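J.: coords please:
(chains A and B, ligands or ions: 3)
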Amino acid sequence: MSEITHAVVIENKQIAQDTFDLRIHSPAQAAKAKAGQFLGIYTGNPAMLLPRPLSICEIDKPNGILRVIYRIVGGGTKEIAEVAAGEKLRILGPLGNGYDIDTNYRDIAIVGGGLGVPPLLQLASSIRKIKPSANIAIYLGFRDKSQVILEEEFSRYDDKVTVCTDDGSYGVQGNAIAALPQKPVFDAVYGCGPKPMLAALAKYAEAAGLPCFVSVEEHMACCVGTCLACAVKAYQDGGTVNKRACYDGPVFNAKELVWE
Amino acid sequence: MSINLSVNIGGLTWKNPVTVASGTFGSGKEYAQYMDINRLGAVTTKGVAPIPWAGNRTPRVAESYGGMLNSIGLQNPGVEQFIANDMAFFRDIDPLIIVNVCGHKIEDYCLVARRLSEEEGIDMLELNISCPNVSEGGVQFGTDWKLTEKVVKEVRKVTKLPLIVKLTPNVTSIEVIAKAAEGAGADALSMINTLFGMRIDINRRKPMLGNIFGGVSGPAIKPVALRCVYQAARCTKIPIIGMGGIMDGNDAIEFMMAGASAVAVGTANFANPSATIDVLDGIAGFMEKNSITDINDIIGAAL
Ligand SMILES: Cc1cc2nc3c(=O)[nH]c(=O)nc-3n(C[C@H](O)[C@H](O)[C@H](O)COP(=O)(O)OP(=O)(O)OC[C@H]3O[C@@H](n4cnc5c(N)ncnc54)[C@H](O)[C@@H]3O)c2cc1C
Ligand SMILES: Cc1cc2nc3c(=O)[nH]c(=O)nc-3n(C[C@H](O)[C@H](O)[C@H](O)COP(=O)(O)O)c2cc1C
Ligand code: FES
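T.: Ligands and ions are numbered 1, 2, ... in the order given. You can find the predicted model right below:
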């Protein structure tokens, strides 16, 4: 069950170039939320009708707080960045299916790219909580040094977080997929990021015969499964169908999707 | 004060004049967790074709000032799967059920209408001859009065269900099309479908929609929609379901004064999942404030 509420902004601060860290008090939604789900955040501007889909980066159930990390890319995110602590945001959620965590997996790789990185923080935390003995290997890719976020926080879950930048201005040069071990040592891989990265991850996992779960992004209108804006092509019954990123996803088993 | 909200459309009594615009509400299951679906006068479904349609490539939506564009392309699972997926839910809820029917050819519309007429629990059909997002059929029927007449006549023959014909604003004269639909046996008209439009991503120097063009909806199109309803109401006698940018009760009243007997809420659902209920409460509120006891007294008040 998801719902619509007015959440009080606790903090909304810049953490990297054009990138903001938002914490909202929204106990009912925090209580229900799981890793990989997202929120539909409305801007206060009545000329912008649609909710902005933004992933939940951390869930603090005891305090009823949800965290979102977002980048200003257009009018809506700009409006959201102007909201001050104490003010309210209208939000819809928690939305989507989220990641399922299988306790049989011991060695797990988490691979993120750009603004696909934030939701993986809660995933790492949830895995650690559900299976304290799991080995979590974290690979994060960014365009350049100015975009790197959350490295330190991820290091709570892995002694050696691998950070990559496209231009080599920080960490390993290249994308996060290239940094993965040639010979996979994992039981499963989880990913979130731009489509080409996810396609490469799916290929990597397939070659190694590993289960792979990815969170995909599509432009959305309703965010709740009614409008069919967010079509993702998936295999079904020998043919293909369109699934809804917002409702059937955003997390899919990579094998289920048509990568073209 | 006791007020009467019920209206009559195509021989059926709607307990109130509020429905949803096709394609903006799924089958209603999803939004039912945000609002009380049983308060609606009617629920209108997404377009249903004889066989599954995959729809257009993504991105399928883009925002615009006070509105949005969509190029979903009538993705639907086909009439059989539609019945299997949704009919049980529809039989379970109180509002009247209007199924939006689409096709590439006249036979498609007839096939779907005939099949739906065999199902219990469907109250009205809405013929979508106005979708701008499919390359074949759809809006072609709605922009040529002869084709409008032909498709309505043929569908009329295969179903006894009340027939609503949904019109496009993308025509030179909506009156000509409205009269053709009425003459061919439509029980009601619904209008408007989306306005044909586009947007361009200036950073990528490319159209924002995967399909290049799409349909504009939302409050930005309300004046166009009102004008269409008003013109059609002046030249036809059948009831009109008005839509296009309705966000609140006052918008709905405006449409009813322009001649609509009922209203549909579309894009507003995305901005506010309980928009339909706000519209309904807003209508009642306006009536109470202005001592109007019967909603029928304001239908066409501005004509
Ligand atoms: C499931 C999901 C989770 C996401 N999580 C995050 C996140 O955690 N952090 C983050 O920074 N971004 C995230 N995004 C991308 C984010 O939704 C867009 O950057 C944001 O909507 C842009 O809004 P805008 O008004 O600033 O941009 P504009 O370009 O002005 O937006 C216009 C319209 O296009 C839509 N839109 C634009 N870009 C995207 C996009 N990339 N994906 C989907 N819709 C888009 C907007 O929602 C809006 O309706 C996520 C997207 C999805 C689908
Ligand atoms: C995402 C979306 C999907 C739509 N799908 C359909 C459809 O399947 N059949 C149809 O007749 N109209 C469809 N429409 C048009 C609406 O029913 C309505 O006529 C139009 O959006 C104007 O109303 P509004 O401004 O309240 O949204 C769709 C509109 C939107 C925004
Ligand atoms: S955004 Fe409307 S169905 Fe996914």
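
J.: Mind giving me the packing neighbours of the helix or strand encompassing A:R90?
T.: Secondary structure assigned from DSSP states H and E places A:R90 in strand A:88-95. Identification of packing neighbours for strand A:88-95 by 3 or more CB pairs under 8 Å, 6 or more residues apart in numbering or on different chains; DSSP states H and E yields strand A:3-16, helix A:27-32, strand A:38-41. Yep, even glycine has a C-beta here, placed from its N, CA and C like the rest.

J.: so which of those is the most packed in?
T.: strand A:38-41 (a mean of 27; mean count of other CB atoms under 10 Å in any protein chain shown).

J.: Excluding chain neighbours, what is closest to residue 17?
T.: I went with chain A, as the question did not name one. Distance criterion CB to CB, 6 or more residues apart in numbering or on different chains; nearest residue to A:Q17, sequence neighbours excluded, is A:S146 at 4.4 Å.

J.: you looked at the wrong chain, it should be chain B
T.: Counting by CB to CB, 6+ apart, B:P17 lies nearest to B:A262, which is 3.9 Å off, once chain neighbours are set aside.

J.: quick one: contacts for the one you found?
T.: B:V7, B:I9, B:W14, B:P17, B:V18, B:T19, B:G41, B:A42, B:P239, B:I240, B:I241, B:G242 (CB atoms under 8 Å, 6 or more residues apart in numbering or on different chains).

J.: what's the spacing between it and chain A?
T.: If you measure B:A262 against chain A using CB to the nearest CB, to the nearest Å, the figure is 20 Å.

J.: cool, B:G55 as well?
T.: Applying CB to the nearest CB, the value for B:G55 to chain A is 6 Å.

J.: Next, that residue: phi, psi?
T.: As for B:G55, its main-chain torsions (degrees, to the nearest 10) stand at phi 80, psi -180.

J.: Looking at chain A, what residue ends up closest to ligand 2?
T.: Residue of chain A nearest ligand 2, by CB to the nearest ligand atom: A:C227 (4.1 Å).

J.: you'd agree that residue is up against B:N70?
T.: Yes: counting by CB atoms under 8 Å, A:C227 touches B:N70, with 7.2 Å between them.

J.: Give me the common contacts of those two.
T.: A:A221, B:G23, B:V61.

J.: Which residue ranges of the stretch 51-200 of chain A form strands?
T.: Assigned by DSSP state E, counting those that start in this stretch, the stretch 51-200 of chain A shows strands spanning A:52-55, A:58-60, A:65-71, A:88-95, A:107-113, A:135-142, A:162-165, A:172-173, A:188-192.

J.: Reformat those strands as JSON lines; add mean pLDDT, distance to B:F90 and mean neighbour count.
T.: Formatted as JSON lines, these follow (pLDDT from 0 to 100; distance: least, CB to CB, whole Å; neighbours: other CB atoms under 10 Å in any protein chain shown):
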{"stretch": "strand A:52-55", "mean pLDDT": "98", "distance to B:F90": "29", "mean neighbour count": "24"}
{"stretch": "strand A:58-60", "mean pLDDT": "97", "distance to B:F90": "36", "mean neighbour count": "19"}
{"stretch": "strand A:65-71", "mean pLDDT": "98", "distance to B:F90": "35", "mean neighbour count": "22"}
{"stretch": "strand A:88-95", "mean pLDDT": "96", "distance to B:F90": "25", "mean neighbour count": "22"}
{"stretch": "strand A:107-113", "mean pLDDT": "96", "distance to B:F90": "42", "mean neighbour count": "26"}
{"stretch": "strand A:135-142", "mean pLDDT": "96", "distance to B:F90": "46", "mean neighbour count": "24"}
{"stretch": "strand A:162-165", "mean pLDDT": "96", "distance to B:F90": "51", "mean neighbour count": "21"}
{"stretch": "strand A:172-173", "mean pLDDT": "93", "distance to B:F90": "55", "mean neighbour count": "14"}
{"stretch": "strand A:188-192", "mean pLDDT": "96", "distance to B:F90": "37", "mean neighbour count": "27"}
